[in-house]
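*Asks:* My questions are about this predicted structure, shown below with the sequence.
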Amino acid sequence: MSHYDKHVFFCVNQRPAGEDCCNNHDAQAARDYVKDKVKQLGISTEKHQVRINSAGCLGRCELGPVLVVYPDAVWYTYVDRSDLDEIIEEHIRNGRVVERLKI
């Protein structure tokens, strides 16, 4: 059994200038937003633990920005905070995959 109910990894990799990468799409700011929002909503508790982490390159730069939710192994792309809010509410909080953002 996993230590966390949900473990979310955001690719925040920065490649050399001119090369596409997740951090060119403000991935670090997105990760920070989700981490703060999960904390604010009280989603991560002793009973339901959620961990939001930064990751190096996840190898899907052409689909970026990307994040992956484990143990579900569901990959997402996102455009803005409303997409992130939907992932938080639907997947992280309620366990329902957001099909329109799934890779």
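*Replies:* Yep, it's here.

*Asks:* List the residues that contact the closest residue to residue 6 other than its chain neighbours.
*Replies:* In this structure, residue 6 finds its nearest non-sequential neighbour in residue 50, 4.7 Å apart by Cβ to Cβ, 6 or more residues apart in numbering. For glycine as for every other residue, the C-beta is placed from the backbone atoms N, C-alpha and C. Residue 50 makes contact with 4-8, 38, 43-44, 92 under the criterion Cβ atoms under 8 Å, 6 or more residues apart in numbering.

*Asks:* try residue 49
*Replies:* Applying Cβ under 8 Å, 6+ apart, the residues near residue 49 are 3-6.

*Asks:* Restricted to strands, list these.
*Replies:* Of the contacts of residue 49, the ones assigned to strands by DSSP state E are residue 6.

*Asks:* Check the contacts of residue 49 against residue 84 and report the nearest one.
*Replies:* Taking Cβ to Cβ as the measure, residue 84 lies nearest residue 6 of the contacts of residue 49, at 13.9 Å.

*Asks:* What is the neighbour count of the closest one?
*Replies:* 23 (other Cβ atoms under 10 Å).

*Asks:* Could you pick out the buried ones from the contacts of residue 49?
*Replies:* 5-6 (16 or more other Cβ atoms under 10 Å).
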